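S.K.: Below are the sequence and a predicted model; questions follow.
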Amino acid sequence: MTKKLLIVGGVAGGASTAARYRRLNEFAEITILERGPYVSFANCGLPYYVGGVIEDKENLELVTPQVFLERFNIDVRINNEAISIDRVTKTVKVKNLEDDNEFNLEYDTLVLSPGAEPIKPPFKGMDNIPVFTLRTIPDTLQIVEYIETNKPKRATIIGGGFIGLEMAENLHAKGIEITIIELMDQVMVTLDREMAQYVHYELYRNDVELVLGDGVNSFEKDESGQVFVITQSGRKVSTDIVVLAIGVRPESKLAKECGLELGERGHIVVNKFMQTSDPHIYAVGDVVQVSNYITQEKIAVPLAGPANKQGRIAANNIAGETEEYEGVLAAAVVKVFDLTVAQVGLNEKMLKNMNIEYEKVYLHPMNHSGYYPGGNKLAPKLLFDKKNGKILGAQVLGGDGAEKRIDVISTVIHFGGTVFDLEKLELTYAPPFGSARDPVNMAGHIAANMVKGKMKPYHWHDVDDLVEKGSFLIDVRRDDEFEIITIKGAIHISEFEMRQRLDELPKDKPIYAFCQEGFRAYISQMNLLQRNFDVQNLIGGIKTYIIATATQEELKKMAKNPPYRIIF
């Protein structure tokens, strides 16, 4: 076993490596070097301290250096920066940032867990305005102090990813008007765009302004001191504070300078044992390049869960065990006001880029029994192999329980499961928590019917082309629903009238049925298929079509006066 274990960086990966290795080796000399003043803190909780949800900043520090020493006999040296690695002598040069003294530390095994740093492009005019990033506790305290001192009325967030959306909600909670500027045409690029539309809807519902498909060009300050963000299209956004949430890049300078192998984007290359190209050096966390669990493609996913697992596996292997890190599924969840956004596995954009043949399911079930008060809609999307039903990914948005369904699907993916497994899963049920047939089961039923060829589908992105071609579309909803909104050119025959009006349906061409969410059209489809009609069903119904194809202006109007219950 390694006698001297030196770890560069704490937080999720480094701290978990140290604690696990101590449990396996009581007699090793374990040292953690941390450049900042905190070694183990709740990185994901930082936005909620800004918003006041977490009131005591002491709650952000998970384990102090003193606790590491007293409980684990681990020497944590905060405010100490590793500045170089000598792989021949197996030493690390360290600088004490409090007194600027430099010294060397020896290691038998070195673990690199320096994490990642926020991307901060050199935008013109940025030096003279209040621009903040959010990665550490000191970052958080700076933002809170600025808000308390300057009382900003407007905030502009650059970037619509996890941190950007969490900061939007929490700054909004402080009574600040929010604008999000995102270079892409959607927030949360890990979602497929039609699913991101639910997030756009929720942001508009909470009066957040979105500037999509338009990146930042520069910043300006006028004679009165008012700050403006100038976008690439020339739009001027007035603001009092700016938060950069563009993304992160790996802190791999140490690894590069000592000659370790790096990936195309600068991440440290590791094998399945979390070893770098030097067998005496391991790396974990946001700085490493790992494999996608499904495709085995090389990716990097800056999430706390994978970092913790990697730290534990690295420690096990350093201790002489043999354990492999199998890859990352990128299971993730984020709260956006009242909306829970959860996802796992591959999205549709990835599948198209990899030329993988797939099919998909949309549905809109309640998160628990409809007759029990307080229920909310869910909007799941399931992606699967169209030949064998193997599950490839999922996205679930909605109220309480969205993350629960993703956790179930993530587990099934981990074990190589299919849509037929989703059908068979026995999941807990009581009216306050779910339904006798859970939304996961429902998604499995629909997908299984598609794989077996029992149900012919068409999708929201097919509709406009079908309308243009003059295809036979039939709306099977109630009269009042049809009058509120329908698809152009569709005839209306309620599901309850279908058997009496069969002579109005063509047998010489396809029929494209739809309803609000897909289930009633499915009932009509099964009825008509047995009468030798050629019928396809709009998966997810007109609800999916409307929200997927809505312009941002239309979404804003829907957010204030929804035509039907979209989520809440």
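M.R.: Yep, that arrived. A quick note: this is a predicted structure, and the numbers were derived from the prediction, not measured. Residues are numbered from 1 along each chain as shown.
S.K.: Next up, the contacts around Thr89.
M.R.: Thr89 makes contacts with Glu106, as judged by Cβ atoms under 8 Å, 6 or more residues apart in numbering. (Glycine included, C-beta is placed from N, CA and C.)
S.K.: The closest residue to Ile54 other than its chain neighbours: how many residues sit nearby?
M.R.: Once flanking residues are discounted, Ile54 sits nearest to Tyr48: 4.7 Å by Cβ to Cβ, 6 or more residues apart in numbering. Neighbours of Tyr48 under the rule other Cβ atoms under 10 Å: 20.
S.K.: check which helix or strand covers Tyr48.
M.R.: For Tyr48, the host element (DSSP states H and E) is helix 46-50.
S.K.: Check the residue nearest to Ile54 and give its pLDDT.
M.R.: The model reports Tyr48 with a pLDDT of 95.
S.K.: ok, now which ones touch it?
M.R.: With Cβ under 8 Å, 6+ apart, Tyr48 has these contacts: Ile54, Glu166, Asn170.
S.K.: got the residues you listed as JSON lines, with pLDDT columns?
M.R.: Listed next are the contacts of Tyr48 as JSON lines, based on pLDDT from 0 to 100:
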{"residue": "Ile54", "pLDDT": "94"}
{"residue": "Glu166", "pLDDT": "97"}
{"residue": "Asn170", "pLDDT": "97"}
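S.K.: Put together JSON lines for the residues you listed, with secondary structure, neighbour count and distance to Pro279 on each row.
M.R.: Output for these, formatted as JSON lines (DSSP: H, G, I helix; E, B strand; the rest coil; neighbours: other Cβ atoms under 10 Å; distance: Cβ to Cβ, whole Å):
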{"residue": "Ile54", "secondary structure": "coil", "neighbour count": "18", "distance to Pro279": "41"}
{"residue": "Glu166", "secondary structure": "helix", "neighbour count": "23", "distance to Pro279": "39"}
{"residue": "Asn170", "secondary structure": "helix", "neighbour count": "23", "distance to Pro279": "44"}
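S.K.: Serialize the residues you listed to CSV and add fields for distance to Leu210.
M.R.: Below are the contacts of Tyr48 laid out as CSV (distance: Cβ to Cβ, whole Å):
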residue, distance to Leu210
Ile54, 27
Glu166, 16
Asn170, 17
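S.K.: nearest to Pro302, of these?
M.R.: Glu166 (14.3 Å; Cβ to Cβ).
S.K.: give me every residue that touches the most centrally placed residue in the chain.
M.R.: For the chain, the residue nearest the mean C-alpha position is Ala332 (4.6 Å; Cα atoms, centre = their mean). In this structure, Ala332 makes contact with Phe162, Thr190, Leu303, Ala342, Gln343, Val344, judged by Cβ under 8 Å, 6+ apart.
S.K.: hey, where'd the helices end up in the stretch 1-150 of the chain?
M.R.: 11-24, 46-50, 65-72, 137-150 (DSSP state H, counting those that start in this stretch).
S.K.: Quick one: the ones you listed as CSV, columns for distance to Glu321 too.
M.R.: Below are these laid out as CSV (distance: least, Cβ to Cβ, whole Å):
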stretch, distance to Glu321
helix 11-24, 8
helix 46-50, 34
helix 65-72, 19
helix 137-150, 34
